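In: From the sequence below, what's the structure:
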Amino acid sequence: MSPRLLPSERGLIAWNWLKSLFLLAVTFLEEEVCLSASSF
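Out: Here you go, the predicted model:
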């Protein structure tokens, strides 16, 4: 049985998840840019 999350806790979890996803996308894009820049 898991305790019920408060709306603020749920929002915090969603925010952390979005933030990590955003950082992952930024890292991926930076690598793509570096690869395409070095290929020229």
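In: contacts and neighbour counts: CA atoms only from here.
Out: Noted.
In: For whichever strand or helix holds Leu23, the averaged confidence score.
Out: Under DSSP states H and E, the secondary-structure element containing Leu23 is helix 7-39. Mean pLDDT, helix 7-39: 90.
In: List the contacts of Glu31.
Out: Not one residue lies near Glu31 by Cα atoms under 8 Å, 6 or more residues apart in numbering.
In: quick revisit: residues of the helix holding Leu23 that come out buried?
Out: Within helix 7-39, no residue qualifies as buried by neighbour count (16 or more other Cα atoms under 10 Å).
In: any idea how far Glu30 lies from Leu24?
Out: Taking Cα to Cα, to the nearest Å as the measure, Glu30 falls 10 Å from Leu24.
In: Give the residues shared as contacts by these two.
Out: Contact with both Glu30 and Leu24 is made by no residue, according to Cα under 8 Å, 6+ apart.
In: what about the residue nearest the centre of the chain, distance to Leu6?
Out: Centroid check for the chain by Cα atoms, centre = their mean gives Leu21 as the closest residue, at 1.6 Å. As defined by Cα to Cα, Leu21 lies at a distance of 23 Å from Leu6.
In: With Ser36 instead?
Out: 45 Å.
In: same deal with Leu29?
Out: Look at Leu29 and Leu6: by Cα to Cα, they are 35 Å apart.
In: Ok, Leu23 next?
Out: Look at Leu23 and Leu6: by Cα to Cα, they are 26 Å apart.
In: now Leu12
Out: 10 Å.
In: What of Glu32?
Out: Glu32 sits 39 Å away from Leu6, going by Cα to Cα.
In: Kindly report the same for Leu35.
Out: Taking Cα to Cα, one finds Leu35 at 44 Å from Leu6.
In: try Ala25
Out: For Ala25, the distance to Leu6 (Cα to Cα) stands at 29 Å.
In: Now do Arg4: how many residues are near it, please.
Out: Number of residues near Arg4 (other Cα atoms under 10 Å) recorded here: 8.
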